[in-house]
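S.K.: 3D, please:
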Amino acid sequence: MSVFKGILVAIDRVNEWIGNVLSYFLFFMFFLLLIEVIRRYFFNSPTVWQNELAQFFFGAYAILSGGFIMRTGGHVNVDIIYDHFSPKTQAWCNIITSVLFFLFVGMMVIYGWSLAWDSISRFEHSQSAWDPPIWPVKALLPIGAVLLLLQGVVKLVQDICFVMGKEPPVKPLIEHEGENI
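M.R.: Below you'll find the model as predicted:
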């Protein structure tokens, strides 16, 4: 069990580290766009590359942050009914709906890999005036999907442990009604 626990803790820590690193992308994107706006509207000297580079950073941010967002409970839920359930019933709902999650994220891994491989094999570029390579950003698709998939495994184990009344190998960050789930 200690090896399994170590793997789950490692997944949790990797997603936390990636989320913390990605949070600095927001400052960099803000800075790029601010400089572009200043150059465009105050000096009438826009760049060709700043806006597109900010889009690349946002793409990497969006693709890689899924595991961190799942870890912190930040994904959107339709919780009109769900919030009225007891924590144990919520955990059961999470376990049952995890099948759909794993199917969806599994498809993201498969098709993300296909898109990434196609882009890498052609050394795809953006076709803009700047024409930077976009294959590095597309290569992040399957990586982000795998990070999300692995964090989904951690969440599933936490829910199963909660339902069984056992201590989960990785302590959940989300608390509902005073109880961890």
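S.K.: When you work out contacts or count neighbours from here on, use the C-alpha atoms and nothing else.
M.R.: Fine.
S.K.: From the contact counts, what lies against the lengthiest helix in the chain?
M.R.: Counting by DSSP state H, the longest helix found in the chain is helix 2-42. When contacts are defined as 3 or more C-alpha pairs under 8 Å, 6 or more residues apart in numbering; DSSP states H and E, helix 2-42 sits against helix 50-64, helix 66-72, helix 140-164.
S.K.: in the longest one, what's buried?
M.R.: Of the residues in helix 140-164, those buried under the neighbour-count criterion (16 or more other C-alpha atoms under 10 Å) are 140-152, 154-163.
S.K.: What of the second one?
M.R.: When neighbours are counted by 16+ other C-alpha under 10 Å, the buried residues of helix 66-72 are found to be Gly66, Gly67, Phe68, Ile69, Met70, Arg71.
S.K.: same deal with stretch 93-102?
M.R.: Under 16+ other C-alpha under 10 Å, the buried positions of stretch 93-102 are Asn94, Ile95, Ser98, Phe101, Phe102.
S.K.: which residues sit in contact with the third one?
M.R.: The one in question is Ser98. Ser98 makes contact with Gly152, Leu156, according to C-alpha atoms under 8 Å, 6 or more residues apart in numbering.
S.K.: ok and the strand or helix carrying it relative to helix 140-164, angle-wise?
M.R.: Here Ser98 is covered by helix 87-121, with elements defined by DSSP states H and E. Interaxial angle, helix 87-121 versus helix 140-164 (axes from the mean of the first three to the mean of the last three C-alpha atoms, to 10 degrees): 160 degrees.
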